[in-house]
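Visitor: Would you be able to build a 3D model of this:
(2 chains)
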Amino acid sequence: MTKAILALEDGVWFEGEGFGADGETFGEVVFNTGMTGYQEILTDPSYKGQMVCMTYPHIGNCGINAADAESSKPWVEGFIIKELSPVASNYRSEMSLDLYLQQHNILGIQGIDTRKLVKHLRTVGVKKAVISTRELDPKKLVKKAKNSPGIVGVDLVKKVTCSKPYLFEEVMPGEFAWGDQVKKKYKVVAVDSGIKRNILRKLNQHGFNVQVVPANVTADEILAYQPDGLFLSNGPGDPAAVKYLVETVRKLLGKLPMFGICLGHQMIGQALGGKTSKLKFGHHGNNQPVMDLKTRKIEITSQNHNFVVAINSLPKDEVEMTHLNLNDKTLEGFRHKKHPVFCVQYHPENAPGPHDSDYLFSRFYEMIEKR
Amino acid sequence: MPKRTDIKTILLIGSGPIIIGQACEFDYSGVQAVKALKEEGYKVVLINSNPATIMTDPELADATYLEPLTVEFLEKVIIKEKPDAVLPTMGGQTGLNLAVEAYEAGVFKKHGVEMIGAKYEAIKKAENREEFKRAMQKIGLDLPRSDFAYSLEEAEKIAEKIGYPVIVRASFTLGGSGSGICHHIEELRATARTGLDYSRVHEILIEESIVGWKEYELEVMRDIHDNFVVICSIENLDPMGVHTGDSITVAPAQTLTDREYQRMRDAARKVMSEIGIETGGSNVQFAVDPKTGRRVIIEMNPRVSRSSALASKATGFPIAKFAAKLAVGLTLDEIPNDITQYTPASFEPSIDYCVVKIPRFAFEKFEGVDDRLTTQMKSVGEVMSIGRTFKEAFQKGLRSLETKRFGFGGDGKDKIFDQALKTREEYLQFIKTIPNDKELREKIMAYAKVPREDRIFYLKYAYWAGYTTEEIYKKTGVDPWFLEQLKQISDLERELLAAQEKPKQQEALMRKAKQYGFSDRQLAFYWSVQEKEVRKKRKGLGIKPVYKLVDTCAAEFKAYTPYFYSTYEDEDEANPGKKKKVMILGGGPNRIGQGIEFDYCCVHAAQALKKMGYETLMVNSNPETVSTDYDTSDKLFFEPLTLEDVLNIYESEKPLGVILQLGGQTPLNLAKSLQAHGVRILGTSVDAIDRAEDRDRFKKLLQKIGLRQPANGIATSLEEACEIAKAIGYPVVIRPSYVLGGRAMEIVYDQTSLKKYMKHAVEANDDQPVLIDKFLEDATEVDVDLISDGKTAVIGSVMEHIEEAGIHSGDSASVIPPFSLDQAIVQEIMTKTQAIAKELRVVGLMNTQYAVQKGHVFCLEVNPRASRTVPFVSKTIGVPLAKLAAQLMVGKTLKELKFTQEIVPKHVAVKESVFPFVKFPGVDIILSPEMKSTGEVMGIDKDFGRAFYKSQDAAMSRIPRKGTIFISVKGTDKPKIAEIAREFHKLKYKIVSTQGTAQVLKEAGVPAEEVLRIAEGSPNISHMIKEKKIDLIINTPSGKGPMLDEGKIRSLAVSFNIPCITTLNAARAAVCGLQAVKDDDLEVKSIHDYHGVKGKGSMHAR
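Guide: Residues are numbered from 1 along each chain as shown, chains lettered A, B, ... in the order given. Next up is the predicted model:
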């Protein structure tokens, strides 16, 4: 057993047991309330720069399998849990969580009062933190956490985006596919700011040929593909630090139908002149209720974001709010009144999370079709 | 969407008596539904035959009918109350079935009543297996291969096609009656026959066996706007093959990846839409092949259920309450989440702990019963426990069970086959030798393979025996994830055992041990010290539990509802306040002898004390109850009721005292030890409790009062027992000391039977003597409930039993007021009871039992606590005794509460017991000193005959008004049977008898047709029963056992649902009943009308 310490910049610290890799790691601590989907969470590039604390105590029960990865590797800076499973029990399991994290040099800490940590973060907001198996003096670690760079104002997108454009053709594996395969009709350029594979699979399924491009793509480069639409992906960190992509989006407004998810939503928001701000502790989980203001129907959504677009900062005459978070009444989606542009703050591709919001991909398709 | 304004009055159907498969969870859901509907301004009318329910308290509904749950009475209530709608989804399968029957009889249409919550078509689609199968196939869901059979021949053909083993499932039955696994044609024939018979539609499903697959359940809700949420996922530790009610289950699901889980969620959503459950809660069950992930749907229940109650308690999300609101048209986003107050109910709870449910069985009560667990539910109750990990919750659950276990073994109670491991040394020795004992190793594994009540312990023994997780998994099908958790407990146990007399190691292991859920008692066993020493040491190390909140949201939002569980971690959220507090100890799991009645009393105490301004702390471990609704008390602690767990809460909260006389024997057993730890016991003193329970002191008490007791003695050996019995004179009642519910109690008539009893039933020694009492033959038994403030004692009611003394009071029918006793005797009983109460300075409730033989009154027992009959008495006299008792315990006087005079009701009330025999095929149904009933109903009317008749109807053993009666009685009853038979003859009954009884009847001039006994050849009485030519049976037993002719007859009566009367007294009562209802129709009257009270807070004038 390796002793490990998690120390927060505000002086709060926890002693636990290390798993995965040894060493020291920094990041902003967030908590995720999903009871399933730890593998998807680990491999979601949006968690770059962050350490994730899972609120459900038993983690690793199903092990790790290649098919459920949302990207090529795990991105979290550290993984904080109550208890690591002694066994990986699932017919699809290929490896234990412990080994997986070791292989990817990610530190895990278990055996801490995760509920206490969550309540603390809920009260004081997200905090910079360090996990270490090397330095075990909490005071020194607190200082280290304080001096770590943090993610506000940092462009983390460039760390997770793909290096060159590629075509994505993978579809959902049969046993887990839901919804019908729509005949491929349109071409969409998907800007990869840290895109999750399931978004790409879903675009494929909903009738799109998907051209993935790096986040530093220019408007002209996008137009050169002669796409029918533009998709803007999720991604990590402070949306205000990704000015180049905001600029690209601004140039394409009105020229291409657009659909954005999460960071993509924030890009569109900023391109329209909106401001983003940081939530106290963000939304990370699979159970956030969102109302589609058009149908008044509620969908249970998968979410992972710390920043939001302030609805008041958007131009009222151009933008209409379409989705609302019923928990804290924050903006979850809007559309442009004139241009074929809409976006949501949450993850309709789920993975992990409920499949309630699949219709948004169809809306994108219909939007292009109508044009 | 706003709530509906086109309906004003809603009729709610309760679930009737507690039976296996249907317990107090429907009181919990019913109470929530009534409150929710009233909150929305509707007038609520309730029908339920079970008096021991909170839902039937007059404060709840606007008009409450304690009437039988039959179409006849339902229609009468409808005619009287003219409801606009009926909500049938809160009363379990009973409620649903009744609604279906009423619908099919055209009752709802005739009176313009709309079914809300679930429409008739939806219920049919969900409940009728063929329709269900078709519906599932339509939406592309996989099912086990199956087909329907309507005859034995068909069943055999289908089974052949599918291939054995197959599962038989009967349509429209309770708790899986008439269902089971069949490995070959003989088993199939037996099961199919029962199944066809039990099915209301004579339909059974023969299905591909998926035994050994993983089993899951989703608790879901849907509103009129097609919003859908999953409240809770549940995974069963016991794989497919064991009824989910008999399985150890865990929330949330543990071994599903998100992809697998979300596909299951999609499937559940589709099921809800296809079945057409527009509003409310349902559960959907799935099985998953652990090797391939193939998922099949098992069934769905279009109503709230035992699982939904569990899910509500497990997550803090009140499914029934919200389901009621959805039924009147509200949508999930319009309902606020109680716990967070500002977030809406349209979300899916996330939990940051692990919940384990463990069923409680009562096989020891039923001689000759098959104790293997199958697809037919056999458990009588359950516990739920919460911990931050499975290991912690699991061990807490085991010690909540009230089976004298204190965790996953290591408590001195381990028993491997016949070998008891009572000491640490025996334990160590066994662990050491077992890996080398080939024969025993294999025996252990073979036993572990078959699901039984104690199988779980054998999984651990299998590890001891050296088997690997893989090997155990292959044999048992228990998922490796669970097995590894059990192994972790077992591994730590070894470390703990090795730490004996090594204080440093003990200290080092203490916290981890507590986090793994080990009790102080187990640690004491491992270290050969007293429990209190462990406690002291532990506290010295600063290792104390903290209390965490159940908040539906994994701490994402601030929670306002104080619902706690203990764990060993850093942060304590209990935040004890300074207010005057009273702690109330609940009754733990339902079992035979201790059920809903005690929960009713505890809830009343919480209500009364809350009203007085006290902060109430409820402690209980039973998820089915109203007491564990977080709305009931100010703070709810979902915890085991052991000394350690109760003391921990006491020390954290520092209440002014503890009420333990309302939760039945469970908390009462803690009285002495709690007091020894400085806990203040409210109400009757611990010393007084001891005077009533200690045999010698009790004897002296009765002598002081001047009360007779049946002659008695105590024996610690066979020889002694024979001597005593001889001295007292046979027959004697014999039983082990300190038992509940007449456990292993028997009447023996001679020395041979005594010897047999001593040899098989008990193990008498100095620590566990047996008690021998003179059995009073042909005596009338009387129960008295009394309330006292220490000075004044007022009789609640004197109840006369219909069955004679010798039959457990919990199993007898009893009547208020006494119907045959002399007034002078009743007076004497009342005076003496008051004298006992005064002598014991009882503060609160007391129950006393008497036998009256030839004008002499004998005192049988005094229970200085609330009894099983308190709710029945309270509903009969219109005084909430438990509420008053709680107030007395904090210092009020009866005078202040204005209850100083006994109330003699102008009506008659009969309490009748309900038995689980239908679940235990082959078990003889005769009544004895050993309690066997699971629940009770009440019949109330203007006279004895009517009230009795209703009580039988309510107990689901309706006495037909005419038909053919089969009479066969034992020798000693023969002289008395003629007068009874004559009355049946006058009532136009046709009488059929076997030779002996027929002879007696003919001689007395009562016409009787003779029929052969089973042993006498064919055709015989069994054919008449099977051909449904018999409508009523009177059969008094001369012996017991399924092998006897008479035993077979009684068993057939159960199988073919023919009312069977087993005592002459009950037969006489049946005559009274029939005479009373002969010419006129029975009427219904609300409990409010009986007592001249109005439903409180009624929004619409009645």
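Visitor: OK, contacts around the residue most central in space within chain B?
Guide: Centroid check for chain B by CA atoms, centre = their mean gives B:Asn590 as the closest residue, at 4.0 Å. Contacts of B:Asn590 were listed using CB atoms under 8 Å, 6 or more residues apart in numbering or on different chains, and they are B:Ile18, B:Ala23, B:Cys24, B:Arg360, B:Val380, B:Gly381, B:Glu382, B:Ile596, B:Asn622, B:Glu624, B:Thr934. C-beta here means a position set from N, CA and C on the backbone, and glycine is covered the same way.
Visitor: What distance do you get for the first one to B:Asp599?
Guide: This means B:Ile18. Distance, B:Ile18 to B:Asp599, by CB to CB, to the nearest Å: 11 Å.
Visitor: can you list residues touching both of the two?
Guide: B:Cys24.
Visitor: Let me know how buried the closest residue to chain A within the stretch 201-350 of chain B is, in neighbour terms.
Guide: Closest to chain A within the stretch 201-350 of chain B is B:Asp258: 3.4 Å, counting by CB to the nearest CB. For B:Asp258, the count of nearby residues is 26 (other CB atoms under 10 Å in any protein chain shown).
Visitor: can you check B:Gly891 too?
Guide: 12.
Visitor: So it lies in a strand, does it not?
Guide: No: the assignment for B:Gly891, made by DSSP: H, G, I helix; E, B strand; the rest coil, is coil rather than a strand.
Visitor: Next up, the contacts around the residue in the stretch 251-371 of chain A that chain B sits nearest to.
Guide: Going by CB to the nearest CB, chain B is nearest to A:Pro352 of the stretch 251-371 of chain A, at 3.6 Å. The contact partners of A:Pro352, taken as CB under 8 Å, 6+ apart, are A:Gly34, A:Thr36, A:Gly37, A:Glu40, A:Ile41, A:Asn286, A:Ser302, B:Asp258, B:Gln262.
Visitor: Show the pLDDT at it.
Guide: pLDDT recorded at A:Pro352 is 97.
Visitor: What of the one 10 residues further on?
Guide: You'll see A:Ser362 listed with a pLDDT of 96.
Visitor: That one touches A:His206, doesn't it?
Guide: Yes: the pair A:Ser362 / A:His206 is scored as a contact, 6.1 Å apart, by CB atoms under 8 Å.
Visitor: Tell me which of those two has more neighbours.
Guide: More crowded of A:Ser362 and A:His206, by other CB under 10 Å: A:His206, with 24 against 13.
Visitor: wait, what's in contact with the more buried one?
Guide: A:Gly179, A:Val182, A:Phe361, A:Ser362, A:Phe364, A:Tyr365.
Visitor: Look at B:Asp783 and tell me its secondary structure.
Guide: Three-state assignment for B:Asp783 (three-state DSSP): strand.
Visitor: Do I have it right that it meets B:Val870?
Guide: No: counting by CB under 8 Å, B:Asp783 sits too far from B:Val870 to count as a contact (10.8 Å).
Visitor: what touches both of the two?
Guide: Common contact partners of B:Asp783 and B:Val870 (CB under 8 Å, 6+ apart): B:Asn847.
Visitor: In three-state terms, label B:Leu398 for me.
Guide: Going by three-state DSSP: B:Leu398 is helix.
Visitor: how much space between A:Ile109 and B:Ile456?
Guide: 32 Å.
Visitor: Would you mind telling me which of those two has more residues around it?
Guide: Between A:Ile109 and B:Ile456, counting by other CB under 10 Å, A:Ile109 is the more crowded of the two (29 against 21).
Visitor: Can you tell me how far that one is from B:Gly663?
Guide: As for A:Ile109, its distance to B:Gly663 is 42 Å (criterion: CB to CB).
Visitor: likewise B:Phe1056?
Guide: For B:Phe1056, the distance to B:Gly663 - CB to CB - is 39 Å.
Visitor: which of these two has more neighbours?
Guide: The neighbour comparison of B:Phe1056 against B:Gly663 (other CB under 10 Å) goes to B:Gly663, with 28 against 16.
Visitor: check contacts around that one.
Guide: B:Ile584, B:Leu585, B:Gly586, B:Gly587, B:Gly588, B:Phe598, B:Asp599, B:Cys601, B:Cys602, B:Asn620, B:Leu641 are the contacts of B:Gly663 under CB under 8 Å, 6+ apart.
Visitor: quick one: which helix or strand includes the fifth one?
Guide: By that I understand B:Gly588. B:Gly588 is part of no helix or strand when elements are defined by DSSP states H and E.
Visitor: and it, how many neighbours?
Guide: 28.
Visitor: Equivalent analysis for the third one, please.
Guide: For B:Gly586, the tally of surrounding residues (other CB under 10 Å) stands at 31.
Visitor: For it, give me its contacts.
Guide: Per CB under 8 Å, 6+ apart, neighbours of B:Gly586: B:598-599, B:602, B:618-622, B:625, B:627-628, B:641, B:663, B:666-667.
Visitor: No further questions, thank you.
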